[in-house]
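> Quick one, fold the following:
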Amino acid sequence: MGNGWPEVVIGLPFAAAGIVVALMAAGVVAPPAVNLSTPKIVLAFIGISFFSIGTFISLRGLGAVRRTSRVREIKFMHPFEPWFWDFPWDPQGIGDNGLERMLRSLVFGILFAVFLVPFNMVVFQLDAQAPFLAKIIVGIFDFITAFIFGVAGYRMLQLLKYGTGRIRYGCFPFHLGEKLEVHFSAGARIGKFKEATIILRCVEERCENFGSETNQDTQTACYQLYADTQAISGAEQNQGSEWALCFPLPQGNYGTRLSESPLRYWELEIKAATPGVDYGATFLLPVYGKPG
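The predicted structure is shown next:
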């Protein structure tokens, strides 16, 4: 988690440009002294797109700035106990991130759709002579947008069917080299399933450079450092919604690190194929090395 200021700086020009373009479309600001043939409605959507994306980026950055300040304050008081400042843990347990994932997909889909509106208007409505290749490219991005909304819709159906699951920690935090014991409860009865799969994994996110020396692109790559899997039969659990789970934790440099780069985290994924919408939930876990 960075300090957030780069995102704020990047987002502000986008938001400012969006405001200027929207005011041009409304006739409040005079356009440049050139012949603009772009319809005002297209200009308005371009302005809204840039403003929405810029505002979203800047707000993310401001949130990161606030979190970084909080981390520094608590870290000063607990320098050798990172679970106090690394993440706002609840010592009792944690809910799944289904609602967060659904909202993230929905917001991303809305931003993407708003951004594509002017391109669709130009290519498919206003310019009858638009190149066929341009229509294909815009159509591909339209399909991607529809897929994002489809993912958001499926996650919404999961929430409606199963509610929000939760796990209770057997202790807080969990230490490497010891046992991880949790008590899982679904928000609603899961129902009939043949087998449920529970995956405990440690993931590290690294920013890596790709491409040549003159044309490099930075991307975030996720590496699975550790994983352990268990299977639970439906007959064994009698299709209930409360399970006791236990995993041995490895020793080594696998401690959670959510406030510094590269990010490293532990998660417990539970999934089961059921009639209709399948069950799936992921829970973040406070796994750290022993102090001292």
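
> where does the protein dip in pLDDT?
Scanning the chain for pLDDT under 70 picks out 1-3, 31-38, 127-128, 211-216, 235-241, 292.

> longest helix of it?
helix 40-77 (DSSP state H).

> ok, the helix or strand just after it: who's next to it in the sheet?
Reading on from helix 40-77 to the C-terminus, the next helix or strand found by DSSP states H and E is strand 93-95. Within its sheet, strand 93-95 is paired with strand 166-169 (antiparallel), according to DSSP bridges.

> And the next helix or strand past the partner strand?
strand 174-175.

> need the next SSE after that following strand, C-terminal direction.
Next along from strand 174-175, by DSSP H and E: strand 179-185.

> okay, that next one in PDB with CA atoms only?
Taking C-alpha atoms only, strand 179-185 is exported to PDB below (Å, rounded to 0.1, in the frame of the first residue of the first chain):
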ATOM      1  CA  LYS A 179      -2.100 -24.300  13.900                       C
ATOM      2  CA  LEU A 180      -4.700 -22.200  12.200                       C
ATOM      3  CA  GLU A 181      -8.100 -22.900  13.700                       C
ATOM      4  CA  VAL A 182     -11.300 -21.100  12.600                       C
ATOM      5  CA  HIS A 183     -15.000 -21.600  12.800                       C
ATOM      6  CA  PHE A 184     -16.800 -20.900   9.500                       C
ATOM      7  CA  SER A 185     -20.500 -20.000   9.300                       C
END
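
> Can you give the distance of the helix or strand following that strand from its chain's centre?
Per DSSP H and E, the first helix or strand lying C-terminal to strand 179-185 is strand 195-211. Relative to its chain's centre, strand 195-211 lies at 13 Å (Cα atoms, centre = their mean, to the nearest Å).

> swap in stretch 158-178?
Distance, centroid of stretch 158-178 to centroid of chain: 18 Å (Cα atoms, centre = their mean).

> ok, now stretch 55-69?
The answer for stretch 55-69 is 15 Å, by Cα atoms, centre = their mean.

> Any buried residues in it, and which?
Under the neighbour-count criterion of 16 or more other Cβ atoms under 10 Å, stretch 55-69 has 55-58, 61, 64-65, 67-68 buried. C-betas here are computed from N, CA, C, even on glycine.

> Tell me the one among these nearest to residue 183.
residue 67 (28.9 Å; Cβ to Cβ).

> gap between that closest one and residue 266?
For residue 67, the distance to residue 266 equals 19 Å [Cβ to Cβ, to the nearest Å].

> list the buried ones in stretch 165-179?
So stretch 165-179, judged by 16+ other Cβ under 10 Å, has buried residues 165-167, 169, 173-176.

> so what does the host helix or strand of residue 104 touch, helix or strand wise?
In this structure, residue 104 is located in helix 98-121 according to DSSP H and E. For helix 98-121, the elements it packs on are helix 40-77, helix 132-162, judged by 3 or more Cβ pairs under 8 Å, 6 or more residues apart in numbering; DSSP states H and E.

> and these, which is most packed in?
Between the helices and strands packed on helix 98-121, helix 40-77 has the highest mean count of neighbours, a mean of 17, where neighbours are mean count of other Cβ atoms under 10 Å.

> My read is that residue 195 contacts residue 229, right?
No. With contact defined as Cβ atoms under 8 Å, residue 195 does not count as touching residue 229 (11.5 Å).

> neighbour count winner among the two?
residue 195 (14 against 11; other Cβ atoms under 10 Å).

> The more buried one bridge partners, please.
residue 233.

> Break the chain into its domains for me.
5-160, 164-288 (automatic domain parsing).

> related to what we said a few turns ago, out of the helices and strands packed on helix 98-121, which gets nearest to residue 285?
helix 40-77 (19.1 Å).

> Enumerate every residue touching residue 278.
Residue 278 is in contact with 158, 271-272, counting by Cβ atoms under 8 Å, 6 or more residues apart in numbering.

> out of these, who's nearest residue 27?
For the contacts of residue 278, the nearest to residue 27 is residue 158 (46.3 Å; Cβ to Cβ).

> For the closest one, give its distance to residue 115.
Counting by Cβ to Cβ - residue 158 and residue 115 are separated by 27 Å.

> Kindly report the same for residue 228.
Distance from residue 228 to residue 115, by Cβ to Cβ: 41 Å.

> Looking at these two, which is more packed in?
Between residue 228 and residue 115, counted using other Cβ under 10 Å, residue 115 has the larger neighbour count: 18 against 14.
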